[in-house]
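*Asks:* predicted model, plus sequence, below.
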Amino acid sequence: MLNPNLDTIQLTKDDYTRYSRHIILPEIGLDGQKRLKAASVLCIGTGGLGSPLLLYLAAAGIGRIGIVDFDVVDHSNLQRQVIHGTSWVGKPKIESAQARILEINPYCQVDLYDTRLSSANALDIIAPYDVVVDGTDNFPTRYLVNDACVLLNKPNVYGSIFRFEGQATVFNYEGGPNYRDLYPEPPPPGLVPSCAEGGVLGILPGIIGVIQATETVKIIVGQGTTLSGRLLLYNSLDMTFRELKLRPNPERPVIETLIDYEEFCGIPQAKQQEAQEQSAMAEMTVQELKQLLDSNQDDYLLIDVRNPNEYEIANIPGAVLVPLPDIENGEGIHRVKELLNGHRLIAHCKMGGRSAKALSILKDAGITGTNVKGGITAWSREVDASVPEY
């Protein structure tokens, strides 16, 4: 529990009105509301998780909120990032979030950090805050946030989401486990698809983000039992909650300094390998593909390795759907061999990454092909604007 000097914290007449439903709760009361007003919380990210938790932390009366983000609002964010609105598309997320927070709570101090959190700045940014809430969506930043919180002895309220499932817990609180107890080693790059590739139910981050906000308030007011030592797993399709026990690993390495987390997660090595594979792989532009399609030649096979639901959203005329998972399990390789019939192979996906991976697998099976640079996204932007982007 945080221990501010409550004698120095005064509630205004507006505070009493605004937070009356809190104050009449015996578990919060005047002291609890003063603790909230005295508290400072840093939120890393203003995306799907950051949006709801920032809204509710502001509404709860947190006195100081810091926001770290360097992205701008995009139309594709609006399905789940409810702190942002259409009028903010193309503008910095931190400014959009600040405007909404001050609409809810004009007395909140909002600190903006328009930067990527890194080993060089993390300790300085995190140090002034009582609680850190991790709303990020990538492994290097999660390890960075964790290690910085361990070094600074800050509670780390964690959440993550994918498709229809989410998880939440509290790390580094009152001797409890930290992120490295849950994930001692990062997964290989590319093993866990991003939400842009795998999709996410827009409501899901609302549930997990609100759980993170709840845990943050409980830590500040010192009430209830936090999720420290428990990993809460939520499945929105089944509407089920499960818990897994988490314990500190006595053999985990001692965190003594911040490191290169991109390197730790294998990102540079993976990018180098991908670049080498792509440099050795034949490529064509979407303009070249358009010329080929218009030429009425029939000596090629164009495959689309995206998922069926993506194909329904948008497709290139003449492309045959052979999803990457089918190629990975071998079924798609046989289908490509049957369809190829001596013709040359061309593959595309959303932006070029999955089709490159598919062609690499097919090459090992003795089938060479050409990758379409930029995929159907480039086709939509550069060839046919009527094809929807997603």
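*Replies:* All right, it came through fine.
*Asks:* following element in sequence after the host helix or strand of Q291, please.
*Replies:* Applying DSSP states H and E as the criterion places Q291 in helix 286-294. Counting by DSSP H and E, the next helix or strand C-terminal to helix 286-294 is strand 300-304.
*Asks:* show me the helices in the stretch 201-350 of the chain, by range?
*Replies:* Applying DSSP state H, counting those that start in this stretch to the stretch 201-350 of the chain gives helices spanning 204-221, 261-264, 267-279, 286-294, 308-313, 324-328, 331-340.
*Asks:* tilt between the helix holding Q291 and strand 300-304?
*Replies:* With axes from the mean of the first three to the mean of the last three Cα atoms, to 10 degrees as the basis, helix 286-294 and strand 300-304 are set at 120 degrees to each other.
*Asks:* helix 286-294 packs against which elements?
*Replies:* Packed against helix 286-294, as judged by 3 or more Cβ pairs under 8 Å, 6 or more residues apart in numbering; DSSP states H and E, are the following elements: strand 344-348, helix 375-382. The C-beta positions use only the backbone N, C-alpha and C, and glycine is treated the same way.
*Asks:* can you rerun that using 7 Å?
*Replies:* The helices and strands touching helix 286-294, judged by 3 or more Cβ pairs under 7 Å, 6 or more residues apart in numbering; DSSP states H and E, are helix 375-382.
*Asks:* so how far is the helix it packs on off the chain centroid?
*Replies:* Relative to its parent chain, helix 375-382 has a centroid offset of 24 Å by Cα atoms, centre = their mean, to the nearest Å.
*Asks:* helices and strands around that helix, which ones?
*Replies:* helix 286-294.
*Asks:* and the helix it packs on with strand 344-348, angle?
*Replies:* 130 degrees.
*Asks:* what are the ranges of the strands in this protein?
*Replies:* 40-44, 64-68, 109-113, 131-134, 156-162, 165-171, 230-235, 240-245, 282-284, 300-304, 320-321, 344-348, 369-372 (DSSP state E).
*Asks:* run through who's touching the fourth one.
*Replies:* Strand 131-134 is contacted from outside by 41-44, 53, 126, 142, 145, 149, 154-159, 212, 216, 219-220, using Cβ atoms under 7 Å, 6 or more residues apart in numbering.
*Asks:* buried ones in stretch 208-222?
*Replies:* Neighbour-count burial for stretch 208-222 flags 208-221 (criterion: 16 or more other Cβ atoms under 10 Å).
*Asks:* got the domain boundaries for this structure?
*Replies:* 39-270, 281-382 (automatic domain parsing).
*Asks:* export the ones you listed as TSV, with columns for mean pLDDT.
*Replies:* Below are the domains of the chain laid out as TSV (pLDDT from 0 to 100):
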stretch	mean pLDDT
domain 39-270	96
domain 281-382	95
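*Asks:* can you lay out those domains as TSV showing distance to T12?
*Replies:* Output for these, formatted as TSV (distance: least, Cβ to Cβ, whole Å):
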stretch	distance to T12
domain 39-270	8
domain 281-382	51
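*Asks:* so which of those is nearest D14?
*Replies:* Smallest distance to D14 across those (Cβ to Cβ): 7.7 Å, for domain 39-270.
*Asks:* show the end-to-end separation of that closest one, please.
*Replies:* 41 Å (Cα to Cα, to the nearest Å).
*Asks:* what does stretch 261-268 give?
*Replies:* Termini of stretch 261-268 sit 10 Å apart (Cα to Cα).
*Asks:* so which of the domains of the chain is nearest R21?
*Replies:* domain 39-270 (10.6 Å).
*Asks:* give the full set of residues in contact with A60.
*Replies:* Per Cβ under 7 Å, 6+ apart, neighbours of A60: 36, 217.
*Asks:* next one: E389
*Replies:* 377, 380.
*Asks:* so which bits of stretch 128-137 are buried?
*Replies:* Within stretch 128-137, the residues scored as buried using 16+ other Cβ under 10 Å are 129-137.
*Asks:* brain fart, stretch 362-375
*Replies:* Residues of stretch 362-375 classed as buried by neighbour count (16+ other Cβ under 10 Å): 362, 369-375.
*Asks:* go on, stretch 242-252?
*Replies:* For stretch 242-252, burial by neighbour count (16+ other Cβ under 10 Å) applies to L246.
*Asks:* number the chain from 319, please
*Replies:* Noted, 319 is the first residue going forward, which turns the last one into stretch 560-570.
*Asks:* neighbouring contacts of that stretch?
*Replies:* 487, 495, 498-500, 502, 547-551.
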